[in-house]
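S.K.: Sharing a model that was predicted from the sequence below.
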Amino acid sequence: MMRRFSALSLLVAALALMAACQAAQPADPTTPARQPTTTAATRGASTSGTQTPDPFLAQTPVATPIPPTPTPVPPTATPIPPTDTPIPPTPTPVPPTATPTPSQAVSWLSNATLLGAYGRAFGVAPILGRLGMYDNITEMATDMDKFAAEIRTVNDGKKVLTEIHLIYALAMPCQANDECLLYLEALDSNLVEHYIKPAQQRGWLVVLDTQLGRSDPVTQINRMIEKGYLKYDNVEVALDPEFHVVPGHLTPGIPVGTITAQQVNDAQALLDAYVQKEHLPHKKILIVHQFGDKMVNDGVPFMIQNKTDVRVFPNVDLVIVADGFGGPDSKISKYDKMTDSTVYPFIRFRGIKLFPPNPYELAGHYDKPMLTFRQVWGLDPTPGKLRATAPPDVVIMN
């Protein structure tokens, strides 16, 4: 240890002598005092773990030197810490259409007049209605075009929409425990291919009309649903209370049958739910035939009992159709009274059934004379000076 200190003393003395000689030299007054600097290299060397600064070098009389930085920070040695509370990324805004509003079913009748040909089927029982006089849909189109052209002259420019009005469930004399009905499938097992799709291709509707018999409206509509007919957007429903069998009787229509407002509401509720379930584009039309009414009170049973209790359903267009043949005055009078929306606030759509002469019908059951379309629309009076107060939305040719 002593030997190591003596060698070190000699080295220190030599260094001190050299420093003294330098200090003795005169300084250049024009040259500023040069301060020791520290370069990146010397900073790096001074922080090396293998070198220790000599404490005796501090005895040199050099002007106050800037001590080397004890622990210099390399430019990238210590990264900048993250912000204590980082700013979250901007969330992606939800566009207005992210949750679209479900589409609403629209009405066929909002800007159209429905023109129908009534009957059992093409080429079948023409005595029951005009439809049976046609062998096919092409013949029907030719005949209906003539009526449509007349309607276009009076209906304020609305579209005329044609419909095939099929007596789907025909009332028959009752047998034990049956419905007193003969369904159209007994004559044609493929209504879809022979009526519904051909009508759809032409932009037409098909109305399935039930005469009810011993059945009821909801049962009949459920049957149409189960058969797959109502899933077609162009298929509608009609109820004919006249042939709803009165308890204790065996012949539909004798006496004239009736239904209740509650039965009409139940039928509408079923159709309303079905439109929503199937997401159909159009509301279902429900036609109810009527020629006996409290406001007419001519001895015919009131064919919709408690009629003021009928309600409106959002996905159903209920149409009260003034049925029955007769002269112009009686037909317009009954039409106005049965479809009076001041008495029956639920009425938004109304219709009338016309009975042109039928060569197959020999009992004289037709209009004498038939109303003109100008009279039907209230543009011309009847012989008794009556005018229709509201135009029809549906015209059915029997």
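M.R.: Yep, it's here.

S.K.: and the longest strand along the chain, which residues are buried?
M.R.: Ranked by number of residues, the top strand in the chain under DSSP state E is strand 159-171. Buried residues in strand 159-171, counting neighbours by 16 or more other Cβ atoms under 10 Å, are found at 160-171. C-beta: built from backbone N, CA, C; applies to glycine.

S.K.: now those as JSON lines including pLDDT and distance to Lys294?
M.R.: Below are the buried residues of strand 159-171 laid out as JSON lines (pLDDT from 0 to 100; distance: Cβ to Cβ, whole Å):
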{"residue": "Val160", "pLDDT": "98", "distance to Lys294": "32"}
{"residue": "Leu161", "pLDDT": "98", "distance to Lys294": "31"}
{"residue": "Thr162", "pLDDT": "98", "distance to Lys294": "33"}
{"residue": "Glu163", "pLDDT": "98", "distance to Lys294": "29"}
{"residue": "Ile164", "pLDDT": "98", "distance to Lys294": "32"}
{"residue": "His165", "pLDDT": "98", "distance to Lys294": "27"}
{"residue": "Leu166", "pLDDT": "98", "distance to Lys294": "30"}
{"residue": "Ile167", "pLDDT": "98", "distance to Lys294": "27"}
{"residue": "Tyr168", "pLDDT": "98", "distance to Lys294": "29"}
{"residue": "Ala169", "pLDDT": "98", "distance to Lys294": "27"}
{"residue": "Leu170", "pLDDT": "98", "distance to Lys294": "28"}
{"residue": "Ala171", "pLDDT": "98", "distance to Lys294": "24"}
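
S.K.: returning to what we had before: off-centre distance for the longest strand of the chain?
M.R.: Here strand 159-171 is found 26 Å from its chain centre; the criterion is Cα atoms, centre = their mean, to the nearest Å.

S.K.: and the helix or strand harbouring Ile396, which strands flank it?
M.R.: Using DSSP states H and E, Ile396 maps to strand 394-397. Counting by DSSP bridges, the strands paired with strand 394-397 are strand 112-119 (parallel), strand 349-354 (parallel).

S.K.: Just the C-alpha atoms of whichever helix or strand comes after the first one, please, in CSV.
M.R.: This means strand 112-119. Using DSSP H and E, the helix or strand that follows strand 112-119 in sequence is helix 137-152. C-alpha atoms of helix 137-152 as CSV (Å, rounded to 0.1, in the frame of the first residue of the first chain):
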residue,chain,number,x,y,z
ILE,A,137,-108.2,-14.0,-67.3
THR,A,138,-107.6,-12.6,-70.8
GLU,A,139,-111.4,-12.4,-71.5
MET,A,140,-111.9,-10.8,-68.1
ALA,A,141,-109.3,-8.2,-68.8
THR,A,142,-111.0,-7.2,-72.1
ASP,A,143,-114.4,-6.8,-70.5
MET,A,144,-113.1,-5.0,-67.3
ASP,A,145,-111.1,-2.5,-69.4
LYS,A,146,-114.4,-1.1,-70.7
PHE,A,147,-115.6,-0.4,-67.1
ALA,A,148,-112.2,0.9,-66.1
ALA,A,149,-112.2,3.4,-68.9
GLU,A,150,-115.6,4.8,-67.7
ILE,A,151,-114.4,5.0,-64.1
ARG,A,152,-111.3,7.0,-65.1
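
S.K.: thinking Ser341 is in contact with Ile347, fair?
M.R.: Yes. When contacts are counted by Cβ atoms under 8 Å, Ser341 is listed as touching Ile347 (4.4 Å).

S.K.: For Val124, which non-adjacent residue is closest in space?
M.R.: Take Val124 and drop its neighbours on the chain: the residue closest to it by Cβ to Cβ, 6 or more residues apart in numbering is Gly132, 5.2 Å away.

S.K.: Mind checking which of Ser341 and Ile347 has more residues around it?
M.R.: Neighbour count, other Cβ atoms under 10 Å: between Ser341 and Ile347, Ile347 has more, with 19 against 13.

S.K.: Let me see the confidence value for the more buried one.
M.R.: Per-residue pLDDT puts Ile347 at 98.

S.K.: Likewise for Pro72?
M.R.: 44.

S.K.: First-to-last residue distance for stretch 289-299?
M.R.: One end of stretch 289-299 sits 17 Å from the other (Cα to Cα, to the nearest Å).

S.K.: just to revisit the earlier point, please look at the residue nearest to Val124 and Ala117 and confirm they touch.
M.R.: No. Applying Cβ under 8 Å, one finds Gly132 not in contact with Ala117, separated by 9.4 Å.

S.K.: Those two: which is more packed in?
M.R.: Using other Cβ under 10 Å as the criterion, Gly132 and Ala117 rank with Ala117 on top: 24 against 21.

S.K.: Quick check: bridge partners of the more buried one?
M.R.: As for beta bridges, Ala117 partners with Ile164, Met397 under DSSP bridges.

S.K.: Neighbours of Asp393, how many?
M.R.: Using other Cβ under 10 Å, Asp393 has 24 other residues around it.

S.K.: In contact with it, which residues are there?
M.R.: 109, 113-114, 319, 349-351 (Cβ atoms under 8 Å, 6 or more residues apart in numbering).

S.K.: Dump those into CSV; add neighbour count and distance to Leu184 as well.
M.R.: Below are these laid out as CSV (neighbours: other Cβ atoms under 10 Å; distance: Cβ to Cβ, whole Å):
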residue, neighbour count, distance to Leu184
Leu109, 20, 25
Thr113, 23, 26
Leu114, 27, 21
Val319, 24, 21
Phe349, 21, 25
Arg350, 23, 27
Gly351, 25, 22
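
S.K.: Between those, which sits nearest Asn177?
M.R.: Val319 (33.3 Å; Cβ to Cβ).

S.K.: Out of the strands paired with strand 394-397, flag the one nearest Gly327.
M.R.: Distance to Gly327, taken as Cβ to Cβ, is lowest for strand 349-354 among the strands paired with strand 394-397, at 12.4 Å.

S.K.: And the helices in the protein?
M.R.: Using DSSP state H, the helices of the chain run over residues 2-24, 40-46, 137-152, 191, 197-202, 217-226, 261-278, 328-338, 373-376.

S.K.: Thanks a lot, see you next time.
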